[in-house]
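>>> 3D, please:
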Amino acid sequence: MTARPFSILPSSNLTTFLLFFLWLAPMHLVAQGTADSERLGKLDYMVHADRINCDSMVGTNLESRVCLNLAFQKADSTMVELFDKFINGVEPKSAQEEFIVYQEHWLDHRRRQSTWVSEGYRGHMLGIVYLNQMLRITERRIEDLKDLTGGEK
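Residues are numbered from 1 along each chain as shown. Now for the predicted structure:
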């Protein structure tokens with residue numbers, strides 16, 4: 001068996017992808033801002049979401065996990081909308097870029113802190129503690145963004 005040569009030069013498909021990605025770079029925050037909601041909304045247990053009434057739960061761990069996930073997705077969406085509203089009003093562009101970098105770091109912090117808080121739990125309890133922390137941190141960020149945008153959404 002002979003080894004095939006390896007090239008670090010990008011293929012035309014990769015070049016096209018990279019150019020497209022660079023064109024979309026200004027929109028990276030929206031994708032970054034919703035990544036957690038999208039990831040958590042696709043978890044296997046969320047297939048049960050349409051069968052659970054979060055306003056009238058029996059109190060099972062599955063119900064708690066699904067309802068926390070849905071509450072987090074809603075809060076995360078609100079946070080992204082408020083951040084977009086805030087960032088569109090920031091001048092100059094260099095300040096916008098600083099706030100975008102800060103928000104990206106904040107998102108990473110939210111994930112890390114939630115992981116740390118939920119460490120040691122297993123199964124549904126891991127998910128419940130993690131989602132509860134994600135939700136609480138996001139709700140605090142919403143309040144901060146409301147202050148920055150001058151009021152309620």
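>>> how about the helices in the protein?
Using DSSP state H, the helices of the chain run over residues 12-24, 28-41, 61-88, 93-118, 123-149.
>>> which one is the most centrally placed residue in the chain nearest to, not counting chain neighbours?
Central residue of the chain (Cα atoms, centre = their mean): residue 36, 2.8 Å from the mean position. Nearest non-adjacent residue to residue 36, counting by Cβ to Cβ, 6 or more residues apart in numbering: residue 76, 6.2 Å away. C-beta here means a position set from N, CA and C on the backbone, and glycine is covered the same way.
>>> Over to residue 149?
What sits nearest to residue 149 in space, not counting adjacent residues and going by Cβ to Cβ, 6+ apart, is residue 86, at 5.0 Å.
>>> neighbours around the one you found, how many?
19 (other Cβ atoms under 10 Å).
>>> can you tell me which residues contact it?
Each residue near residue 86 by Cβ atoms under 8 Å, 6 or more residues apart in numbering is listed here: 99, 145, 148-149.
>>> From residue 106, how far out is it?
Distance, residue 86 to residue 106, using Cβ to Cβ, to the nearest Å: 13 Å.
>>> again with residue 98
For residue 98, the distance to residue 106 - Cβ to Cβ - is 12 Å.
>>> For the two, indicate the residue with more neighbours.
residue 106 (18 against 11).
>>> so how far is stretch 95-106 from its chain's centroid?
Here stretch 95-106 is found 15 Å from its chain centre; the criterion is Cα atoms, centre = their mean, to the nearest Å.
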